[in-house]
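Undergrad: Let me see the structure of the following:
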Amino acid sequence: MSIFVANRKTGYYWESIDTIKKIVGRLSLDINSEDERKFEDRLSGALQPNFDDFIDQRNIQQVMTRITAFGHDHRPDMSIGKDGVALEVKVIRTGSSIREAIGQAFIYRLGYRFVVIIWVDISKDKSYKQAIEDPKSQEFQFLKELEEHNIYCLVK
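TA: Next comes the predicted model:
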């Protein structure tokens, strides 16, 4: 029995995934920076007005769900609700950035119904973005399989 039982794909949090995809899809992240915080700021600013229960980890007045695993507390960059949708922003510098985000996503799934990873490919040739978006690639297939665990990946 898996602890990552897929939640039903109806209701407010499921609909939030579609809203997030649309907002991120049309948002420009052409920022001349490698600082992940700047991308988080841009994404937070675009997402927050669309959700009454938006939580940003940097806002100390808001309480974010912390997931305790492997002796440490983990929390996503942002969330919709306290157990609804965890959002993690990662700048892709190397393959380890991808592995780290996927590992974080599984930990967040212990406390959230859905997880959205938003990767920002800052490589000159956008090779990570190309691989992730190519339906014939194993990377694309792998990320599609993550959706069975309610983990969704977006790349900019």
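Undergrad: Confirm that Lys22 sits in a strand.
TA: No: under DSSP: H, G, I helix; E, B strand; the rest coil, Lys22 sits outside any strand and is assigned helix.
Undergrad: what's around it, how many residues?
TA: By other C-beta atoms under 10 Å, 11 other residues sit near Lys22. Every residue, glycine included, has its C-beta placed from N, CA and C.
Undergrad: Likewise for Leu146?
TA: By the criterion of other C-beta under 10 Å, Leu146 has 17 neighbours.
Undergrad: where does the spatially most central residue of the chain fall, helix, sheet strand or coil?
TA: Geometric centre of the chain, nearest residue: Ile117, 2.1 Å, by C-alpha atoms, centre = their mean. Of the three states, Ile117 takes strand under three-state DSSP.
Undergrad: And the helix or strand in which Gln141 is found, what's buried?
TA: Here Gln141, judged by DSSP states H and E, is contained in helix 138-146. For helix 138-146, the neighbour count (16 or more other C-beta atoms under 10 Å) marks Glu139, Leu143, Leu146 as buried.
Undergrad: mind putting these in TSV, pLDDT included?
TA: Converted to TSV, these look like this (pLDDT from 0 to 100):
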residue	pLDDT
Glu139	93
Leu143	94
Leu146	95
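Undergrad: Let me know the pLDDT of Ser123.
TA: Predicted confidence (pLDDT) for Ser123: 86.
Undergrad: can you pull out the strands in the chain?
TA: Counting by DSSP state E, the chain has strands at residues 54-56, 67-69, 72-74, 78-80, 85-92, 114-121, 151-155.
Undergrad: Go through the ones you listed and pick out the most buried.
TA: Stretch with highest mean neighbour count among the strands of the chain: strand 78-80 (a mean of 27; mean count of other C-beta atoms under 10 Å).
Undergrad: Quick one: mean pLDDT for it?
TA: 96.
Undergrad: Then stretch 148-156?
TA: On average, the pLDDT along stretch 148-156 is 94.
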